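Enquirer: My questions concern the predicted model and sequence given below.
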Amino acid sequence: MLTLVVGLGNPGPRYAHTRHNMGFLVVDELARRWGIGWTSTRHGAESGTGTIAGATVMLAKPQTFMNLSGEAVGRLRRARRLKPEHIVAVYDDLDLPFGRVRIRTGGGAGGHNGVTSLISVLGREFPRVRVGIGRPGPGSDPVEYVLGRFDAADLRIVDEAVGHAADGVEAILDAGLEAAMNRINRRPTP
């Protein structure tokens, strides 16, 4: 059975390496680790298919911009006849401390428009790998913050969080959601 692993983000160089593109960074790391090439731009997403931890996987980066991520995911879901439980979403989370990774299934969007878009096509019950980006300081604009780039001093934590989130996806594929949550959610924030 195919598992779709979707990293949420915004396409184009303007948004590369911004906080809101943590999902893209994680699926790029998985592609690098497992030698999966980005071979298709069909269904509104850049995608590549391969094997991760013994599972057949399609990695995808929607090219519809964050707020419309569900459109691309819905097209991929229909094309591959996937159930929501076979779609893993990876995305940034303002409500988690910077660098913290949490796996869960179900729940709301927490104000994340990309997740709201996914819920509109999948319902609430799909696996999620959330990568903490923390909240901006008082008086800061959250939109500017999530679309901003990381400071040079933060790059070590970004690399660790991306690696840890990729480990989480691998754990889901290898051992299942419950085991992955037990393994990943207990790890302290970097």
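Expert: Ah, there it is. Numbering: from 1, shown residues only.
Enquirer: what bridges to the nearest residue to Trp38 once chain neighbours are set aside?
Expert: Leaving aside its chain neighbours, Trp38 sits nearest to Gly48 (4.7 Å; criterion: Cβ to Cβ, 6 or more residues apart in numbering). (Each C-beta comes from the backbone N, C-alpha and C, glycine too.) Following DSSP bridges, Gly48 is listed with bridge partners Leu59.
Enquirer: ok, now how distant is Gly48 from Val115?
Expert: Gly48 sits 23 Å away from Val115, taking Cβ to Cβ, to the nearest Å as the criterion.
Enquirer: Looking at these two, which one has more neighbours?
Expert: The neighbour comparison of Gly48 against Val115 (other Cβ atoms under 10 Å) goes to Val115, with 25 against 19.
Enquirer: Which residue lies closest in space to the more buried one, excluding its sequence neighbours?
Expert: Leaving aside its sequence neighbours, Val115 sits nearest to Ala109 (Cβ to Cβ, 6+ apart; 4.0 Å).
Enquirer: and the gap between the residue sitting nearest the centre point of the chain and Gly139?
Expert: Taking Cα atoms, centre = their mean, the centroid of the chain lies closest to Val90, which sits 1.6 Å from it. Taking Cβ to Cβ as the measure, Val90 and Gly139 are separated by 30 Å.
Enquirer: List the contacts of Ile172.
Expert: When contacts are counted by Cβ atoms under 8 Å, 6 or more residues apart in numbering, Ile172 is found next to Val88, Ile103, Pro127, Val129, Ala180.
Enquirer: Among those residues, which are located in strands?
Expert: Here DSSP state E is the test, and the contacts of Ile172 give Val88, Ile103, Pro127, Val129 as lying in strands.
Enquirer: The closest residue to Gly54 other than its chain neighbours: neighbouring residues, count only.
Expert: Ranked by Cβ to Cβ, 6+ apart and with sequence neighbours excluded, the top spatial neighbour of Gly54 is Asp174, at 6.7 Å. The burial metric for Asp174, expressed as a neighbour count using other Cβ under 10 Å, is 14.
Enquirer: how close does Gly111 get to Asp92?
Expert: From Gly111 over to Asp92 the distance is 12 Å, taken as Cβ to Cβ.
Enquirer: out of these two, which sits in the more crowded spot?
Expert: In this comparison of Gly111 against Asp92, neighbours counted by other Cβ under 10 Å, the higher total goes to Asp92 at 26 against 11.
Enquirer: Is the more buried one in a helix, a strand, or coil?
Expert: On the three-state scheme (DSSP: H, G, I helix; E, B strand; the rest coil), Asp92 is labelled strand.
Enquirer: please renumber so the chain begins at 45
Expert: Done: numbering now begins at 45, and the last item shifts to Asp136.
Enquirer: Okay, and the beta partners of it?
Expert: Judged by DSSP bridges, the bridge partners of Asp136 are Val175.
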